[in-house]
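A.B. asks: I'll drop the sequence and a predicted model, then ask my questions.
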Amino acid sequence: MVILGLTGPTGAGKGFVSQRLAEKGFAVVDADRVAHDVMAAGTPCVAAIAQAFGPDVLRPDGSLNRRALGALVFSDPEKLRQLNALSHPPILAQIKAELDALTAAGYPVAVVDAPTLFECGVDRLCDRITAVTAEKGTRLARIMARDGLDESRARQRIAAQPDTPFYTTRADDILENNGNIAALRAAVDELAERLLTQARAEERPCTEK
Ligand SMILES: CC(C)(COP(=O)(O)OP(=O)(O)OC[C@H]1O[C@@H](n2cnc3c(N)ncnc32)[C@H](O)[C@@H]1O)[C@@H](O)C(=O)NCCC(=O)NCCS
Ligand SMILES: Nc1ncnc2c1ncn2[C@@H]1O[C@H](COP(=O)(O)OP(=O)(O)OP(=O)(O)O)[C@@H](O)[C@H]1O
């Protein structure tokens with residue numbers, strides 16, 4: 001199975017790209033969804049987070065108060081490092097397990113959509129990596145609209161992530177998403193064709209010299 005890692009900074013358009021690849025029939029593992037699963041109420045990860053950050057990061061029902069935790073970690077690099085150290089190992093283990101299951105089920109291509117692909121170590125599971133990028137002002141406007149963030153919160157979230165070259169210098173392909181949705185869709189469809197070609201080449205028995 002060919003594994004494509006999809007990464008890039010917040011608001012660049014990874015979610016749209018992975019949704020389009022899913023429409024094309026590819027299996028998609030959404031690292032944000034996996035993160036929600038491993039940090040659900042009652043998990044060892046949430047217990048460790050509450051111990052490290054205090055009871056205010058929990059709701060009365062024991063679930064994570066994501067807004068409160070986000071406000072803490074996105075304004076303090078040391079706290080973000082601490083959260084990553086607690087959350088990334090179980091996220092990586094769960095993604096690996098899901099990819100193993102997809103391989104066993106015979107999928108030709110799987111896509112992992114992960115904003116922290118490199119930080120989590122998920123890049124080491126991937127055959128190809130595509131970085132989705134867009135200009136900072138565009139990303140700012142997109143996440144303010146999508147997540148209902150005020151401008152300072154949105155800027156804080158962008159500042160908590162590495163700059164664009166961190167992603168582009170480590171990726172095999174770059175999808176620049178500064179245009180309209182139709183342009184992005186066309187670029188994704190072209191990427192999908194290339195992935196299928198690679199998957200077919202891997203499946204071909206080695207009878208040719
Ligand atoms: C801090 C948390 C609780 C905030 O939750 P909230 O629901 O408000 O935001 P959400 O998870 O949707 O994240 C919004 C965006 O922030 C960025 N982001 C998330 N985690 C990180 C991180 N560790 N480092 C840098 N950017 C991050 C991503 O672009 C993400 O899409 C949450 O982001 C979290 O638990 N992060 C640590 C786990 C992680 O790295 N998740 C990313 C998937 S591997
Ligand atoms: N080319 C585009 N034109 C207009 N809106 C766009 C475009 N690309 C993405 N969007 C919108 O911008 C928002 C951010 O895109 P998306 O959620 O795909 O980003 P992301 O890279 O997954 O971000 P995050 O890491 O924060 O989850 C979404 O509401 C999406 O619909």
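C.D. replies: Cool, got the structure. This structure is a prediction, so every number in the text was calculated from the model and none was measured. Ligands and ions are numbered 1, 2, ... in the order given.

A.B. asks: now residue 131: which helix or strand?
C.D. replies: strand 128-133 (DSSP states H and E).

A.B. asks: and that strand, which strands flank it?
C.D. replies: Applying DSSP bridges to the sheet, strand 128-133 is found paired with strand 2-7 (parallel), strand 173-176 (parallel).

A.B. asks: looking at the ones you listed, which is nearest to ligand 1?
C.D. replies: Closest approach to ligand 1 among the strands paired with strand 128-133 is made by strand 2-7 (9.4 Å; Cβ to the nearest ligand atom). Just so you know, the C-beta spots here come from the backbone N, C-alpha and C atoms, and that holds for glycine as well.

A.B. asks: so residue 16 makes contact with residue 184?
C.D. replies: Yes. Taking Cβ atoms under 8 Å as the definition, residue 16 is a contact partner of residue 184 at 6.3 Å.

A.B. asks: what touches both of the two?
C.D. replies: Shared contacts of residue 16 and residue 184 (Cβ atoms under 8 Å, 6 or more residues apart in numbering): residue 177.

A.B. asks: look at the two and report which has more neighbours.
C.D. replies: residue 184 (20 against 16; other Cβ atoms under 10 Å).

A.B. asks: in what helix or strand does the more buried one lie?
C.D. replies: helix 181-203.

A.B. asks: so where is the chain shaky, pLDDT-wise?
C.D. replies: 204-209 (pLDDT under 70).

A.B. asks: that older thread, in TSV, list the strands paired with strand 128-133 along with distance to residue 157 and mean neighbour count.
C.D. replies: Below are the strands paired with strand 128-133 laid out as TSV (distance: least, Cβ to Cβ, whole Å; neighbours: other Cβ atoms under 10 Å):
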stretch	distance to residue 157	mean neighbour count
strand 2-7	16	26
strand 173-176	21	18
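
A.B. asks: could you measure from the nearest residue to residue 123 once chain neighbours are set aside over to ligand 2?
C.D. replies: Spatial nearest neighbour of residue 123, excluding adjacent residues (Cβ to Cβ, 6 or more residues apart in numbering): residue 117 at 5.1 Å. Separation of residue 117 from ligand 2 (Cβ to the nearest ligand atom, to the nearest Å) stands at 11 Å.

A.B. asks: ok, now which ones touch the closest residue to ligand 2 within the chain?
C.D. replies: Closest to ligand 2 within the chain is residue 15: 3.0 Å, counting by Cβ to the nearest ligand atom. By Cβ under 8 Å, 6+ apart, the residues touching residue 15 are residue 113.

A.B. asks: what parts of this protein come near ligand 1?
C.D. replies: Listed as neighbours of ligand 1 in the chain under the rule Cβ under 6 Å from any ligand atom: 10, 31-32, 35, 39, 66-67, 69-70, 73, 80, 83-84, 87, 91, 114-116, 120, 157, 160-161.
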